[in-house]
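In: predicted coordinates and the sequence they were generated for:
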Amino acid sequence: MEMDALSLKKLVAKAALEYVEAGTVLGVGTGSTVDCFLDALAESGLQLKGAVSSSVRSEKKLRDMGVPIVEMNDVTELSVYVDGADEIDPEFALIKGGGGALTREKIAADISKKFVCIADESKLVPVLGAFPLPVEVIPMAREAIARKLNALGGRAVLRAGFTTDNGNEILDVHGLQIQDPAALEQAINQWPGVVTNGLFALRRADVVLLGTQNGVKTL
């Protein structure tokens with residue numbers, strides 16, 4: 001029987017537990033696949049020293065599970081950071097930020113020894129860009145940044161009625177075909193007013209766990 005999207009997420013979420021060590025501080029991202037991972041973590045009975053979370057949503061779930069929340073400023077590194085992705089290319093560069101937590105996710109990934117990305121196989125694509133690229137911007141720079149993004153050949157659209165946990169806005173850039181994710185990530189991040197963008201190419205995933213109809217595929 002064919003598994004639905006939720007079953008694939010649960011499958012891959014459970015597989016990610018293998019990378020989590022008891023007694024450590026775990027980095028956790030956000031999104032529906034991460035929610036499944038946190039459910040699996042709760043069921044496993046694994047005791048953690050604490051967790052650093054990239055979103056208010058995941059933080060609440062962790063607190064409800066009884067996991068102590070640790071401030072990112074209080075840790076030097078995370079042993080493992082577990083998070084999902086909106087798109088994954090063959091070289092493990094990612095687009096993230098569909099949930100709007102891209103800046104905090106990027107900081108957590110940067111201080112982690114191992115970044116484990118969990119997703120279902122539909123997220124694996126030959127070229128990034130079909131999923132709109134999120135760019136977090138300081139509100140006063142929104143229109144200036146939108147013009148620059150449009151000049152790249154994209155179509156920047158303000159995410160209506162949305163404010164990030166950092167109090168900023170998000171432009172979602174439609175219609176890009178991203179051949180060199182690392183170069184584009186670096187270029188956009190140089191523009192004044194950009195907090196960061198949703199390309200995770202300079203700090204890619206170390207391990208990608210994909211939920212497929214034939215089980216979990218480890219890349």
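Out: All right, it came through fine. Fair warning: this is a prediction, and the values are worked out from it, not measured in the lab. Numbers count the residues shown, from 1 in each chain.
In: for the rest of this, base every contact and every neighbour count on C-alpha atoms.
Out: OK.
In: helix or strand: which one has the residue nearest to N197 when sequence neighbours are not counted?
Out: Computed as C-alpha to C-alpha, 6 or more residues apart in numbering, the closest residue to N197 that is not its neighbour in sequence is V135, at 4.2 Å. Using DSSP states H and E, V135 sits in strand 133-137.
In: other residues contacting that strand?
Out: The contact list for strand 133-137, computed with C-alpha atoms under 8 Å, 6 or more residues apart in numbering, reads 95-98, 100, 102-103, 145, 168-174, 176, 193-199.
In: tell me how many other residues surround Q177.
Out: 14 (other C-alpha atoms under 10 Å).
In: separation between it and P126?
Out: Taking C-alpha to C-alpha, to the nearest Å as the measure, Q177 falls 10 Å from P126.
In: sorry, back to before: so which bits of the very next helix or strand once past the strand holding V135 are buried?
Out: Per DSSP H and E, the first helix or strand lying C-terminal to strand 133-137 is helix 142-151. Residues of helix 142-151 classed as buried under the neighbour-count rule (16 or more other C-alpha atoms under 10 Å) are R142, I145, A146, L149, N150.
In: find the centremost residue of this protein, please.
Out: For the chain, the residue nearest the mean C-alpha position is K96 (4.5 Å; C-alpha atoms, centre = their mean).
In: so it touches D86, yeah?
Out: Yes - here K96 reaches D86: they are 5.3 Å apart, a contact under C-alpha atoms under 8 Å.
In: in stretch 191-199, what's buried?
Out: Within stretch 191-199, the residues that qualify as buried are G193, V194, V195, T196, N197, G198, L199, counting by 16+ other C-alpha under 10 Å.
In: now render the buried residues of helix 142-151 as CSV, adding pLDDT and distance to S32.
Out: Converted to CSV, those look like this (pLDDT from 0 to 100; distance: C-alpha to C-alpha, whole Å):
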residue, pLDDT, distance to S32
R142, 98, 28
I145, 98, 29
A146, 98, 29
L149, 98, 28
N150, 98, 30
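In: pick out whichever of the residues you listed sits closest to G161.
Out: R142 (14.1 Å; C-alpha to C-alpha).
In: which strands or helices does the strand ranked longest in the chain pack on?
Out: Longest strand in the chain, counting residues (DSSP state E): strand 112-120. Under the contact criterion of 3 or more C-alpha pairs under 8 Å, 6 or more residues apart in numbering; DSSP states H and E, strand 112-120 touches helix 5-16, helix 32-44, strand 78-83, strand 207-212.
In: give me whichever of these is most buried.
Out: strand 78-83 (a mean of 24; mean count of other C-alpha atoms under 10 Å).
In: nothing else from me, thank you.
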